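Peer 1: For reference, the sequence and a predicted model appear below.
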Amino acid sequence: MLFSILGMDAPPQEKLATIIGYILAIFIAMSFHEFAHAYIAYKQGDDTARLKGRLTLNPLAHLDLFGTIALMIFGIGWAKPVPINPLHFKQQRKGIIWVSLAGVITNIAIAIISVGGWVLVNLTLAAYLNSTGPMFVLSWILNVFFFYGILLM
């Protein structure tokens with residue numbers, strides 16, 4: 001993915017804005033996905049993720065070096081799995097199911113929000129996408145961010 005961005009025939013500011021939007025989308029997608037697992041586990045009675053510092057939206061807590069690099073280069077990757085202990089759940093079977101579904105539900109929500117954001121950016125900032133200057137860079141970053149927010153899900 002990153003090589004295709006770098007190899008595209010575009011002005012440097014467009015390439016830079018695309019890379020920034022892509023990296024932001026990766027960090028936010030991974031952070032929210034893993035946070036959702038940790039939060040639901042915590043709500044089910046397991047504080048393992050909280051004790052390990054994983055009940056956070058900080059992307060640095062969730063990024064796996066090789067998984068993130070693979071995602072940036074190949075478009076397929078992973079984050080660090082959130083540690084859970086199902087023995088702490090109030091109801092083990094339901095807890096495991098809800099913790100597993102939390103990531104999927106979060107991905108769907110991010111994809112839906114990204115579609116709305118992408119449409120909104122393209123309707124309101126379309127004139128800037130064909131210009132230059134700071135508004136072009138901002139509109140392009142948002143455009144790319146929402147686009148990859150859809151694709152990464």
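Peer 2: Ah, there it is. Remember, predicted model here, so these are calculated numbers, not experimental data. Numbering: from 1, shown residues only.
Peer 1: which residues of this structure score low on pLDDT?
Peer 2: Applying pLDDT under 70 to the chain flags residues 1-7, 126-133, 153.
Peer 1: Mind telling me what element the residue nearest to A25 when sequence neighbours are not counted is part of?
Peer 2: Distances taken as Cβ to Cβ, 6 or more residues apart in numbering put Y148 closest to A25, at 3.8 Å, once the chain neighbours are dropped. The C-beta positions use only the backbone N, C-alpha and C, and glycine is treated the same way. Element membership for Y148 (DSSP states H and E) is helix 134-151.
Peer 1: From the contact counts, what lies against the helix or strand hosting F66?
Peer 2: Taking DSSP H and E as the criterion, F66 maps to helix 65-74. On a contact count with 3 or more Cβ pairs under 8 Å, 6 or more residues apart in numbering; DSSP states H and E, helix 65-74 meets helix 2-7, helix 12-43.
Peer 1: Pull out the buried residues from that helix.
Peer 2: For helix 65-74, the neighbour count (16 or more other Cβ atoms under 10 Å) marks 67-68, 71-72 as buried.
Peer 1: after it comes which helix or strand?
Peer 2: Using DSSP H and E, the next helix or strand after helix 65-74 towards the C-terminus is helix 92-124.
Peer 1: what inclination does that following helix have with respect to helix 134-151?
Peer 2: Relative orientation of helix 92-124 versus helix 134-151 (axes from the mean of the first three to the mean of the last three Cα atoms, to 10 degrees): 150 degrees.
Peer 1: What is helix 92-124 packed up against?
Peer 2: Applying 3+ Cβ pairs under 8 Å, 6+ apart, we find helix 92-124 packed against helix 12-43, helix 134-151.
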